[in-house]
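Student: Okay, sequence plus prediction incoming.
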Amino acid sequence: MSSLLRGEEMCLAQLFLQSGSAYDCISELGELGLVEFRDLNPSVTAFQRKHVNEIKKCEEMERILGYLLREVKKADISLPERDVNPVAPLPKHVMAIMEQLQRLEVELGEVTRNKEKLQRNLLELTEYTHMLRITRKFVQRTAEVSVSLYMFSCLVKIEAFERMLWRVCKGYTILSYAEVEEYLENPDTGEPTKCVVFLISYWGDQIGQKVKKICDCYHCHVYPYPSSNEERNDVVEGLRTRIQDLHTVLNRTEDYLRQVLIKASESVYTWVIQVKKMKAIYYILNLCSFDVTNKCLIAEVWCPVNDIPTLRRALEEGSRKSGATVPSFVNRIPTSDTPPTLIKTNKFTSGFQNIVDAYGVGSYREVNPAPFTIITFPFLFAVMFGDLGHGVIMAVFAAWMVLCENNRKLKNTRNEIWNTFFEGRYIILMMGLFSIYTGLIYNDCFSKSLNIFGSGWSVKAMGWTKEQWENNRFLTLDPNVTGVFKGPYPLGIDPIWNLASNRLTFLNSYKMKMSVILGIIHMSFGVILSTYNYLHFRKKYNLYLVFLPELLFLLCLFGYLVFMILYKWLAFSAKDSRHAPSILIHFINMFLMQGDGLQPLYPGQTGLQIFLVVIAVLSVPVLLLGKPVYLYWLHNGSHRLGLYRGYERVRRNSEEELYLMRAHDMEEGSSHSDLSSSGENPTEELLHQAIHTIEYCLGCVSNTASYLRLWALSLAHAQLSEVLWAMVMRVGLRMDSTLGVLFLVPVFGLFAVLTVSILLVMEGLSAFLHALRLHWVEFQNKFYGGTGVKFCPFAFSLLPSSFEHDGLL
Amino acid sequence: MPSLLFCGPKMAACGIVISIWGVIMLAMLGIFFSAKSAVLIEDVPFTEEDIRGDQNPPGNIYGLYNQVGINCFIAAGIYVAVGAVSLCQVRLNKRQEYMVT
C-alpha cells in the first residue's frame, strides 16, 4: 500500500453530465465523497450563477427550519435519536417539502399569536379581580361624585402621578391608592412586578377626559367602578367564571402547540439533512459549465486514479436513477497543474497524519513522514515522560476512550478540548504504552524504583565496621572490591540508584549521551528518506551532489561522536574508570587538530580523526557548488528545455500522441518544471543551494544540541515526581499516630489530583509539544517539502450544518 | 425521605476513578511495606534512637514498616467504601436522568 508512504496518484478528469441526470449523478458523488470539483466559472459572482433561484429556495427552507428548531428548543422537546441518512430529494419533491414547511410555519405563528392574546386577556381580568378585592376597603363616596374610575398600574411613581393629576385637574379629583401584595406578571417583560391600584373620583366630563389622557400616558389600565355592593359582587362573580374559562382555553392551546411541535420534531432532522444536501448539489451545479453543442454539463474534478472505475459506476448509477437514455461519462485529461495531495488513512493513522499535516501538507507524491511518526513520536515522547505509573494511567485513559469510541455521546460533544483529546485517542494510547516501556528502563514508578530482579550491588560485601556506620554520613560502594558489583541489572537501571546520593550525576551523563545518540539516528534517518524523493522524481544527480555530501558531513562529525560515546562505554570498565578520557575534550581537539598530549582512546585515533575532518570539510563545497554547476552545465550543454511550457486545458478528446506525451510528462512533471524554473536563472539556483548548505551545516550542530531536550524534560519529570511524593505522600505515610490512617486517605486524594493535573496534563502536554517540535523541525527539515494542498472531496458527511454551529441540533 | 443524591454525575465519576486508583495503589504500597522494601525507607517514620538503641536490629525498623503497611491497607479499605458510595451516586444520577426525560 503505497498510499500512506507517498499519497495517491491523482488525475484531472472531465465529467460530461446530461442535463436530466446531472442532479442525480452529483447526488451519488456526494454520497461517495470521491472527487473534488473545480470552479469552472471563477469570474461569475454568486448572484449571476445559473441555479441561484434554487439556492434561494433552499435558504428560505433553512430559515423556516431554524425557526422550527428554535421553537422546539424553547418548548424543551428533545429531538429523537438521529441515525437516519436520507438522500437528497429530487427537484419534483422539493415543492412538497417546501409546502409542508410553510404550512407548519403559518400554523405555528397563528397558534403562538392566539396564545399571546389569550394571555393578555387573562392578565387584564386578573388585574380587575385584584382591584375589586383591594378597593373594597376604600371609603365609599357619596352621590356628589358623578363617576369614579379605577386604575391599575405597574410602573408609575405614586407621588409624581398624584402631583400631575392635582396640577392638571386643579383639585377636582380625589385619589386613593393601595399596593397589591402579590406579584403579577408584567406582560411586556414577563417579569413579576409590584402593581398599584388607584381609585380616582372626579366631577365633570372634561376632567374625565383629562384624567383618561393622563392615565394613557402612564400606561395604566382603566376599569369602571361599580356603584353599589350588589353590582360589585356580580362583577366579581362574572370575572371569576371568565378567568376559569380562559385558563381552560389557554391550557388547551398550549397542549395543541406542543403536539404540533412534537409532530414537527420527528421529521425536522430529516428535512435539515435533505435541505443541506440539496443546497450542496446546487452549489456544485453552479461550478459546472454548460456545453451548448452537446447539451450537457461539463465538470472538472480531481480524482484519484485508482478510483476512476468507482467514479464511472457512480455516474452510471446516477444516470440509471434519473432514467436518462444517454449515459454520463468521465474522461481523463492531462494537465500541468499540481494536483492536491490525498493520503488515505484509517482511524488509527488519521491522528498521526493530522499532526504531520498541521505543520504542512505534503507536496504531491512526496514521501510522507506519517508512517514513521507512528513509532518515533510516541517513542520520543516516552523518553521525555518515562514513568511507569504515569504511563499506566495514561494508557488506561486512552484505552477507555478507544473502547468507547462508538458511544454517540462521546463523539458528539461540543467541548473543544475534549474533542481534541478524543481525536488523538490512538496517539495517547501509543504514548502511554511506550511510556510504560521507558518507565521500566528508567526504573521509575511514581518516583520509586521497582526491584524486580534483585539488585546487582551488595552492601554487605564492602565489609564496613560499626564505627564506620555510625560516624559517617555518606559511604561509597566501590565496585572494584570483590563481591560488591555482581553484574548489571537485566532490564533497566539498577534500583539501588534510587537510594544513592550521586544518582543525578550518573543519570545526567547517561541521559545526555542517550539523547545525542537518538538525535543523530533520527536525523540520519531523515537524510536517508530524502533519497526516496530524489529517486521518485527522477533527479538522480541529487543523490550524488546533495545526499552524499550531507550524509558524509553528518556521519563523519556527529556519527563519529556517537562512535566515541559507544566505544568509551564498552572499552572502559570500573577498573580503569579513573583514567577514562573525556570525550568532549577529544571531540574539540579533533577540530583543532591538537591533542598530542592526551592519551588516545584507541590506537590510530589521530590519523582517523584527521581523515574524517578532511572528508567533512571537503563535502561542504561539493554540497554548495555541485548542484548549481551541474544544472548550469546541463542548461548550456543540451537543448532539452524550452519545449514544454504552459498548456491549455483540453475540452475535447486530445490527439493520441500528445496525450501520451503529456501523460508521461505528468509523472516527471515536477522535474521538468524544476528544470525550467531553475534553468532560467543559475544565480538563483546558486543562491538557493548556498542557503540550503549553510542551513544544513549549521543546523547539524544546533539540531544535535536541540535533542538534549530529551534529557532536560526527562530530568524535570523525574524531579517533579520526586518532589510531589516527598511533599505530599510522605507526609501522609509518616504519620504514626492512630489518626494517621484517616489522614492518609485525603492525602492520597490530593496526591492523585496533583499527579493528574501537574504530572500528567502539564508535563504530558509539554513533552508532547517538544516531541512534536523535534519531528517538525529537526527531522522534517532534512527531507520534507510540505508545500502541498490538501484534497477536499465533495462529500455530504463532511459538510457542516449551520444549525449545529448555533447549537440548535 | 430526602434524596440521597449529593453530587453530580461528573463528581461521582471522579470519585469512582480515584477510589479504584486508591485501592490498587494503596494495596500495593501495603504489600511493599510489608515486604520491607529498601526503596521506601524514607517514608517510614524512624528516628536515630530506633537505629542506635535497638536491642535486636533491625527489629524496631521492621516493626515500623509493618505499622505503615497496615496503615496503607486500612486506607485502601476506606477507599473501597468511598468507591461504593460513589458507585451508588452514579446509579442514582443515572436513574434521575432517566426519569426526567
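Tutor: That came in fine, so what should we check first?

Student: where along chain B do the helices fall?
Tutor: B:9-34, B:48-52, B:59-100 (DSSP state H).

Student: And the first one, what's buried?
Tutor: Right, helix B:9-34. Under the neighbour-count criterion of 16 or more other CB atoms under 10 Å in any protein chain shown, helix B:9-34 has B:12, B:14-19, B:21-23, B:25-27, B:29-30, B:32-34 buried. Heads up, the C-betas are built off the backbone N, CA and C, glycines and all.

Student: So it, near chain A or not?
Tutor: Yes - interface with chain A: helix B:9-34 contributes B:18, B:21-22, B:25-26, B:29 (CB under 8 Å from any CB of the partner chain).

Student: And the average pLDDT for that helix is what?
Tutor: For helix B:9-34, the mean pLDDT works out to 94.

Student: Repeat that for the second one.
Tutor: For helix B:48-52, mean pLDDT is 79.

Student: Now do it: which elements does it pack against?
Tutor: helix B:59-100 (3 or more CB pairs under 8 Å, 6 or more residues apart in numbering or on different chains; DSSP states H and E).

Student: orientation of the helix it packs on relative to helix B:9-34 in degrees?
Tutor: Orientation check (axes from the mean of the first three to the mean of the last three CA atoms, to 10 degrees): helix B:59-100 against helix B:9-34 gives 160 degrees.

Student: In stretch B:68-84, which residues are buried?
Tutor: So stretch B:68-84, judged by 16+ other CB under 10 Å, has buried residues B:68-69, B:71-79, B:82-83.

Student: now, which of those residues sits nearest residue A:239?
Tutor: residue B:82 (60.5 Å; CB to CB).

Student: May I ask you to confirm that the closest one is in contact with residue B:15?
Tutor: Yes - if you go by CB atoms under 8 Å, residue B:82 and residue B:15 touch, sitting 6.6 Å apart.

Student: Show the contacting residues for residue A:424.
Tutor: Contacts for residue A:424 (CB atoms under 8 Å, 6 or more residues apart in numbering or on different chains) come out as residue A:351.

Student: ok, now how distant is it from chain B?
Tutor: When distance is defined by CB to the nearest CB, to the nearest Å, residue A:424 is 20 Å away from chain B.

Student: For residue A:12, what are phi and psi?
Tutor: phi -100, psi 130 (degrees, to the nearest 10).

Student: Quickly list what it is bridged to.
Tutor: Note on residue A:12: beta-bridge partners by DSSP bridges are residue A:302, residue A:333.

Student: and it, what pLDDT?
Tutor: 94.

Student: Distance of it relative to chain B?
Tutor: For residue A:12 relative to chain B (CB to the nearest CB), the value is 52 Å.

Student: burial of that residue, as a residue count?
Tutor: 19 (other CB atoms under 10 Å in any protein chain shown).

Student: re earlier: between the buried residues of stretch B:68-84, which is closest to residue A:451?
Tutor: Closest to residue A:451, out of all of the buried residues of stretch B:68-84 and judged by CB to CB, is residue B:69, at 16.5 Å.

Student: nearest residue to that closest one other than its sequence neighbours?
Tutor: residue B:33 (3.4 Å; CB to CB, 6 or more residues apart in numbering or on different chains).

Student: give the contact list for that neighbour.
Tutor: B:40, B:44, B:65-66, B:68-69, B:72.

Student: what do you get for residue A:795?
Tutor: A:30-33.

Student: So which residues of chain A form strands?
Tutor: A:10-18, A:36-37, A:147-153, A:173-179, A:184-185, A:192-193, A:196-202, A:289-291, A:296-304, A:329-333 (DSSP state E).

Student: Pipe those into JSON lines and attach distance to residue A:55 per row.
Tutor: What follows is the strands of chain A, written out as JSON lines (distance: least, CB to CB, whole Å):
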{"stretch": "strand A:10-18", "distance to residue A:55": "18"}
{"stretch": "strand A:36-37", "distance to residue A:55": "16"}
{"stretch": "strand A:147-153", "distance to residue A:55": "52"}
{"stretch": "strand A:173-179", "distance to residue A:55": "58"}
{"stretch": "strand A:184-185", "distance to residue A:55": "44"}
{"stretch": "strand A:192-193", "distance to residue A:55": "47"}
{"stretch": "strand A:196-202", "distance to residue A:55": "56"}
{"stretch": "strand A:289-291", "distance to residue A:55": "17"}
{"stretch": "strand A:296-304", "distance to residue A:55": "16"}
{"stretch": "strand A:329-333", "distance to residue A:55": "26"}
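
Student: Correct me if wrong: residue A:240 contacts residue A:129.
Tutor: Yes - in this structure, residue A:240 is within contact of residue A:129 by CB under 8 Å, at 7.3 Å.

Student: Have a look at the two and say which one is more surrounded.
Tutor: Neighbour count, other CB under 10 Å: between residue A:240 and residue A:129, residue A:129 has more, with 16 against 12.

Student: residues contacting that one?
Tutor: A:236, A:239-240, A:243.

Student: can you tell me how far it sits from residue A:239?
Tutor: From residue A:129 across to residue A:239, the span is 5 Å (CB to CB, to the nearest Å).

Student: Residue A:621: neighbouring residues, count only.
Tutor: 11.

Student: With residue A:417 instead?
Tutor: 7.

Student: how about low-confidence regions in the stretch 401-550 of chain A?
Tutor: Along the stretch 401-550 of chain A, no part satisfies pLDDT under 70.

Student: Please list the residues of it that sit near chain B.
Tutor: A:446, A:448-449, A:451, A:470, A:495, A:498-499.

Student: give me every residue that touches the residue lying closest to residue A:41 once chain neighbours are set aside.
Tutor: Leaving out its chain neighbours, the residue that sits closest to residue A:41 by CB to CB, 6+ apart is residue A:289, at 6.2 Å. Counting by CB under 8 Å, 6+ apart, residue A:289 makes contact with A:40-41, A:297-299.

Student: one more time with 10 Å
Tutor: Each residue near residue A:289 by CB atoms under 10 Å, 6 or more residues apart in numbering or on different chains is listed here: A:39-41, A:44, A:50, A:297-300, A:651.

Student: Same check on residue A:268?
Tutor: A:65, A:68-69, A:72, A:79-80, A:101, A:104, A:261, A:803, A:808-809.

Student: Need the max-distance pair from those residues.
Tutor: A:80 and A:101, at 18.4 Å, using CB to CB across the contacts of residue A:268.

Student: and the two? which has more neighbours close in?
Tutor: Between residue A:80 and residue A:101, counted using other CB under 10 Å, the more crowded position is residue A:101 (22 against 13).
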